[in-house]
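*Asks:* Below are the sequence and a predicted model for it; my questions follow.
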Amino acid sequence: DVGEYREQKVREAAAFAEMLGGESIVFEIPDGELQDNEEMRLRVCDVIREVRPTVIITHFKNSMHKDHMTTHLIVNDARFYAALAPLERENPAFFASRLYYAENWEDAVGFVPYVYVDFSQEAYDLWIKAVSRHWFVTGSKSFPYLEYYKHLSRVRGIESRNEYAETFMIPEESMRVLKGQL
């Protein structure tokens, strides 16, 4: 049932966020029906201005899911709108200086890791416990999500000379050439 599925996903998101010390904010939009429009950009802009995050993590631009691609577009523009002082909203302008695109097997086409963030065994164990709150991670018969991401975090850790790591892309305009000696 679509309604029950939505309630389940909202509960799972809240439990996950709480375990990691965060907060889940979910708009009343049915799964698969996210609209690519200015109203959504302004709603997300308002959340950014209210929460004032230093980091925003969203979907990479390419995906097999329409909602993921739409989210990418909305969040990028909402971040821009949130920083515009002349755009009058309830809260004052705020610029979230860091924007990252998360690695996701469903958004993999063209994704090239740019930033590696390592984390401890303790953080890994907490993540496993938190992400296991999501039914699709532990109950899906179509894809072994938990196994895939456990192994991916280890592979990314090995690539970065760490135990575990998560990778992200950043907006192309934020990429810079690093100068150094060989």
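*Replies:* Arrived safely. Residues are numbered from 1 along each chain as shown.
*Asks:* Mind listing residues that contact stretch 129-148?
*Replies:* 8, 12, 15-16, 19-20, 105, 128, 149 (C-beta atoms under 8 Å, 6 or more residues apart in numbering). All C-beta spots, glycine's among them, are computed from the backbone N, C-alpha and C.
*Asks:* Turn the buried ones among the residues you listed into a named ChimeraX selection, would you?
*Replies:* Burial among those is assessed by 16 or more other C-beta atoms under 10 Å; the matching ChimeraX selection reads:
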select :12,16,149
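*Asks:* Turn the contacts of stretch 129-148 into TSV, columns for secondary structure, distance to Thr138 and pLDDT.
*Replies:* Output for the contacts of stretch 129-148, formatted as TSV (DSSP: H, G, I helix; E, B strand; the rest coil; distance: C-beta to C-beta, whole Å; pLDDT from 0 to 100):
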residue	secondary structure	distance to Thr138	pLDDT
Gln8	helix	13	93
Glu12	helix	11	95
Ala15	helix	13	96
Phe16	helix	13	95
Met19	helix	15	96
Leu20	coil	17	94
Trp105	helix	16	94
Ile128	helix	10	96
Tyr149	helix	12	96
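*Asks:* how about the contacts of stretch 129-148 in JSON lines, adding distance to Gln121?
*Replies:* Shown next, in JSON lines, are the contacts of stretch 129-148 (distance: C-beta to C-beta, whole Å):
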{"residue": "Gln8", "distance to Gln121": "30"}
{"residue": "Glu12", "distance to Gln121": "24"}
{"residue": "Ala15", "distance to Gln121": "22"}
{"residue": "Phe16", "distance to Gln121": "20"}
{"residue": "Met19", "distance to Gln121": "17"}
{"residue": "Leu20", "distance to Gln121": "16"}
{"residue": "Trp105", "distance to Gln121": "23"}
{"residue": "Ile128", "distance to Gln121": "10"}
{"residue": "Tyr149", "distance to Gln121": "16"}
